[in-house]
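next one to model:
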Amino acid sequence: MAFLRKVFRWSLLCLLLGCGIIASVEVWTALHSARYCHEDLTALGSNRVAVVLGCSKYFTSGKPNAYFHGRMKAAAELWKSGKIRGIIVSGDNSDRYYNEPRDMRAALVRLGVPDDKIVSDFAGLRTFDSVVRAESIFRAGAVIYISQRDHVARAVAIARGMGIDAEGYEAPLPPVTRRTRFTQFLRERAARLSMAADLIIHRKPAHLGNPEVLPF
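Here you go, the predicted structure:
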């Protein structure tokens, strides 16, 4: 019985510690992003560079990904508002059959964004990489990240935590099942813990390189 009580106490302590860490990361993220993320594009600053965070065009089931199309629509709206000089599409280009920046670029051109106002970042393997590369490789300066609410808050928190002048434009959330929403909630919590670790240990993106001059 004494052994079981000790195991219970240690398990409870670990649980409380884990909950405390998660809560701390959530508070930190909110403090660094809540004032800078907006659904209304009129609340955003002007003369910035937009960074559209990577997303697959299709779900694994083969159905069109509403998150992807929501981000593309938001980016096109932001461009047409005149608030941005251009757009960086940053995502995964893991093989010749999967290329997020290529798909995003094509979708934006179809929505009326000029091709010469779009730059592709093929090494945005993670949100952290996209944020760091926008500053260190593309020298974007003041940026507006585009994604759905929780994701864009994380991107802005990363940027603000690194001293980057960043805002977020929240793309619409598509209707999904309760199970999908819960899965996404858990995934975002894990991603935020990873974000905290990245910032604490000053992790570098998987791929860096020489700076590139934006054409806008």
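
okay, CA-based contacts and neighbour counts for the rest of this
Fine.

pretty sure residue 77 sits in a strand.
No. Checked against DSSP: H, G, I helix; E, B strand; the rest coil, residue 77 lies outside a strand; its state is helix.

next, count neighbours for it.
Residues lying near residue 77 (other Cα atoms under 10 Å) number 16.

now residue 30
Neighbour tally, residue 30, other Cα under 10 Å: 17.

which other helices and strands contact the helix or strand that contains it?
Residue 30 is part of helix 2-33, with elements assigned from DSSP states H and E. Using 3 or more Cα pairs under 8 Å, 6 or more residues apart in numbering; DSSP states H and E as the contact test, the elements touching helix 2-33 are helix 149-161, helix 178-201.

with mean neighbour count, distance to residue 66 and mean pLDDT added, can I get these in TSV?
Converted to TSV, these look like this (neighbours: other Cα atoms under 10 Å; distance: least, Cα to Cα, whole Å; pLDDT from 0 to 100):
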stretch	mean neighbour count	distance to residue 66	mean pLDDT
helix 149-161	23	14	97
helix 178-201	13	13	93
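
three-state assignment of residue 113?
Residue 113 is classified as coil under three-state DSSP.

residue contacts, it?
Residues in contact with residue 113 (Cα atoms under 8 Å, 6 or more residues apart in numbering) are 76, 79, 80.

for the protein, which spans come out with low pLDDT?
Where the chain drops to pLDDT under 70, the residues are 3.

wait, isn't residue 134 in contact with residue 144?
No. If you go by Cα atoms under 8 Å, residue 134 and residue 144 don't touch, sitting 10.7 Å apart.
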